[in-house]
Each structure stands twice: as structure tokens, then as C-alpha cells.
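Visitor: just need the structure, nothing else, for what follows:
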Amino acid sequence: MSHSESNPKKSIRKGIKLFSQVDLPEQKFTNPETAGYVGFANLPNQVHRKSVKKGFEFTLMVVGESGLGKSTLVNSLFLTDLYPERVIPPAAEKINQTVKIDASTVEIEERGVKLRLTVVDTPGYGDALNCSDCFKPIIQYIDDQFERYLHDESGLNRRHIIDNRVHCCFYFISPAGHGLKPLDVEFMKALHNRVNIVPVIAKADTLTLHEIKRIKKRILEEIAGHGIQIYQLPDADEDEDEEFKEQTRLLRESIPFAVVGSTQLIEVKGKKVRGRLYPWGVVEVENPEHCDFLKLRTMLITHMQDLQEVTHDLHYENFRAQRLKGSKDSGGDEVEDPNLSEKDKMLLQKEAELRHMQQMIARMQAQMKSQQKDAGSPGKVTSHQV
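Guide: Here you go, the predicted structure:
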């Protein structure tokens with residue numbers, strides 16, 4: 001054995017020298033002259049790459065009477081056709097029609113960023129003669145998605161949970177009225193604690209600018225008067241640039257959004273625009289002077305993350321707290337939630353039986369340990385001793 005092989009320190013130094021001669025890819029290491037720099041400032045880049053690779057999920061619900069342009073607006077927002085085979089039933093079939101839940105999912109990719117968009121439509125809303133219970137299927141659908149997420153979150157495999165919770169609800173208000181209808185008030189009062197409601201004035205091209213301003217003021221007054229909580233845009237941070245602060249202020253002042261939807265391309269002064277052609281002119285969908293379509297899309301895109309966070313931190317947590325609280329009363333006894341389905345009741349019953357069995361096993365084990373301890377103590381006189 002040579003001396004260099006017998007000296008471990010010399011072998012390590014030799015290995016380091018050989019390793020330093022290997023061509024490595026260029027990396028940005030810590031500059032010794034930059035005191036206090038560690039490198040975790042690059043963490044946002046890691047989060048960005050991971051998020052882009054994973055993709056994003058968003059669920060949008062559209063609610064409103066038939067003929068207000070809900071499908072057209074959604075297709076205009078995301079430049080896709082979500083309802084290629086939709087059949088509009090005649091008026092005779094709408095008399096006793098119940099509200100249906102139509103969920104359509106589409107994968108949208110833009111500049112390498114993937115968005116799994118789910119649009120939940122509610123055909124039949126407000127079409128029947130008796131509309132007193134027309135929003136109950138909508139409430140049930142939202143609660144079912146919360147229940148599904150809670151079940152998946154409490155399960156064993158929580159890595160690949162699909163988030164189908166409703167993150168935003170566009171509620172379409174008819175431009176023909178002078179504000180909110182009784183059905184509009186009852187719907188928003190029933191759902192404002194479950195979902196982020198964004199009021200939208202449909203078909204704003206049927207209103208003058210003065211009428212739009214007046215109906216917006218009237219709607220906001222009625223919303224505040226009935227104690228309805230609609231989605232509020234978060235305040236811009238102090239470190240944000242002035243352009244973003246101004247954009248947030250304009251978006252907040254535009255609520256409720258007066259919109260016009262169209263997927264038709266029209267040539268105006270040699271330029272292709274999306275709009276609606278009338279005998280007196282063209283209404284450009286993406287022209288801020290014609291409607292609030294661009295502002296609505298900007299609000300949805302720039303605050304999509306905030307809509308998801310409010311859904312998770314506020315609405316879902318409220319549902320989760322009520323759901324856990326509803327399983328037991330203050331005395332610890334089981335109570336039955338009238339809104340639960342038969343399957344959920346059976347699951348709760350099985351869970352209660354399992355908890356009871358676990359408590360019995362725990363008591364038996366405690367008794368056995370106590371008996372073994374008493375039997376092994378020398379100072380104790382057991383029944384076997386004389």
C-alpha cells in the first residue's frame with residue numbers, strides 16, 4: 001500500500017482536485033463578496049415552474065334566466081365553444097321544467113400554461129311558472145362539491161385531489177327590469193355564503209350609457225340593503241405599481257359589470273373585431289367604451305388565484321366547520337343533518353360504529369394493562385396470594 005493510499009486526508013484532497021477539473025454546467029453559485037445572500041430569492045421561480053407543469057384548475061358557474069346570453073359570454077371569454085350540441089327546448093316544455101346542472105370541462109393551453117376550466121351552467125333557472133325552489137339544485141350541487149372535496153381530503157390518497165369546487169358564480173341580471181327581481185334577491189341571499197358571486201348585467205347593448213349608470217347604482221343599493229355579500233376585489237398592496245392600483249380601482253367601480261358577448265368577427269374600418277352588427281352600427285365586445293366585457297375578463301384572469309383562495313379559506317372552511325359541527329351537538333351526541341343523502345347517513349353511521357368499537361378496544365387495553373401492572377407489583381396482594 002502506497003503512502004498516498006494510506007493517508008485518507010491526502011486521498012480526499014486528490015479527489016476534490018480531480019472533481020474540480022470536470023466540466024460542469026454553468027450555475028450561479030453564491031458570490032462570496034455578496035454578504036448575506038443565500039439564494040432562496042429564486043423560490044418563486046421554482047413555484048412558477050412547478051405550477052406551470054402541474055396546470056391550473058378553475059370552476060365557473062353561470063346562473064340566469066334563459067336568453068340572457070350566458071353561453072355566448074362564456075364562449076367569448078375563453079374563445080372556445082363549450083356547447084356545440086345544445087338544444088333549446090320550446091316554451092311548452094319549460095312550464096314544468098326543473099333546473100338542471102350542466103358541467104362542461106375543457107383544457108385550455110396558452111403559451112405553455114394549461115388551464116382545466118369547468119363551466120357549470122344551470123339551464124331551466126327562472127323558466128318555470130313556480131320559481132320558488134329553482135335555486136335549491138344549485139345549492140345542492142355546490143354543497144356536493146364541498147362534500148366531495150372534504151371526503152377526498154380526509155382520505156388516504158390526498159396527492160391527486162381534483163378540485164371541482166365552484167370558485168366563482170356569474171349571476172346574470174336582466175337589463176329589462178329596473179334593478180333586482182325578487183328571485184335575484186332570494187338567490188343571492190341563499191348562495192352568498194357558499195360561493196363568490198359576481199353580478200353581471202346581461203345584454204348591455206340594449207341600454208343607454210345613462211341607463212347603465214342608473215341601473216348599476218340601483219343594483220348596488222339593493223344588494224347592500226338586503227345584506228348580500230358579493231365578491232369584493234382585494235385592495236392593492238402598497239408596493240404594487242400605480243398602473244395595477246388604477247386597474248383595481250376601475251374594476252371595483254365597474255361592478256356590476258354591464259357586458260355584451262359575441263363570437264362573431266366583423267370587419268370595422270379594415271380591422272377584424274368581435275362584436276354585434278346592428279342597422280345603426282357595430283357594438284365591439286372588447287371596446288371598453290361599449291361595454292365592460294374587457295373589464296370582466298381582466299377581473300377574472302387577474303384575480304383567479306384570489307377567487308380560489310377565498311373559496312378555500314372562507315366558503316369551504318365555513319362548510320367544513322358546519323359539517324363537522326353538525327355531526328355532533330354540544331353534548332357529544334350524534335345528530336342527523338336533514339340535508340344529507342342516504343349514502344352519507346350510512347357512512348356517518350358506520351363511522352360512529354367504528355369510533356364506538358375503537359373506544360371499547362381502548363378501554364379493554366387499558367384494563368388489561370392495569371391488571372398486568374397490579375399483578376407484577378410485589379407490594380400488591382392478588383387473589384392468588386394467601
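
Visitor: the helix or strand hosting residue 325 - what's its average pLDDT?
Guide: According to DSSP states H and E, residue 325 maps onto helix 317-326. Helix 317-326 shows an average pLDDT of 83 in the prediction.

Visitor: swap in stretch 152-159?
Guide: So the average pLDDT for stretch 152-159 ends up being 74.

Visitor: same question for stretch 190-200.
Guide: Stretch 190-200 comes out at a mean pLDDT of 92.

Visitor: what is the end-to-end distance of it?
Guide: 18 Å (Cα to Cα, to the nearest Å).

Visitor: now do the strands in this protein.
Guide: 56-63, 102-110, 113-121, 168-173, 197-201, 257-258, 265-268, 271-278, 281-284 (DSSP state E).

Visitor: and the contacts of the shortest one?
Guide: Just to be clear, that refers to strand 257-258. Residues from elsewhere that reach strand 257-258 (Cβ atoms under 8 Å, 6 or more residues apart in numbering): 175, 198-201, 204, 207, 212, 215-216, 291-293, 295-296, 299. The C-beta positions use only the backbone N, C-alpha and C, and glycine is treated the same way.

Visitor: again, 7 Å this time
Guide: With contact meaning Cβ atoms under 7 Å, 6 or more residues apart in numbering, strand 257-258 is reached by 200, 201, 204, 212, 216, 291, 292, 295, 296.

Visitor: then the last one?
Guide: Contacts to strand 281-284, defined as Cβ under 7 Å, 6+ apart, come from residues 205, 260, 266, 268, 273, 275, 276, 290.

Visitor: show me which residues of that strand are buried.
Guide: Across strand 281-284, burial judged by 16 or more other Cβ atoms under 10 Å covers 282, 283, 284.

Visitor: what is the neighbour count of the residue nearest to residue 252 when sequence neighbours are not counted?
Guide: In space, and not counting its chain neighbours, residue 252 is closest to residue 233: 5.1 Å by Cβ to Cβ, 6 or more residues apart in numbering. Close neighbours of residue 233, defined as other Cβ atoms under 10 Å, add up to 16.

Visitor: also residue 245?
Guide: As a measure of burial, residue 245 has 14 neighbours, counting by other Cβ under 10 Å.

Visitor: and it, how far is that from residue 302?
Guide: Residue 245 sits 12 Å away from residue 302, going by Cβ to Cβ, to the nearest Å.

Visitor: torsion angles phi and psi at residue 237?
Guide: Per-residue torsions, residue 237: phi -70, psi 160 (degrees, to the nearest 10).

Visitor: ok, it to residue 244 distance?
Guide: 9 Å.

Visitor: which of the two has more residues huddled nearby?
Guide: residue 244 (12 against 8).

Visitor: state the pLDDT value of the nearest residue to the more buried one once chain neighbours are set aside.
Guide: Sequence neighbours aside, residue 236 is the residue nearest to residue 244 in space, at 5.7 Å (criterion: Cβ to Cβ, 6+ apart). Looking at residue 236, its pLDDT reads 78.

Visitor: possible to save the buried residues of strand 281-284 as JSON lines with pLDDT and distance to residue 110?
Guide: Shown next, in JSON lines, are these (pLDDT from 0 to 100; distance: Cβ to Cβ, whole Å):
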{"residue": "282", "pLDDT": "86", "distance to residue 110": "27"}
{"residue": "283", "pLDDT": "85", "distance to residue 110": "26"}
{"residue": "284", "pLDDT": "84", "distance to residue 110": "22"}
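
Visitor: any chance of TSV for these, columns distance to residue 125?
Guide: Output for the buried residues of strand 281-284, formatted as TSV (distance: Cβ to Cβ, whole Å):
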residue	distance to residue 125
282	31
283	26
284	29
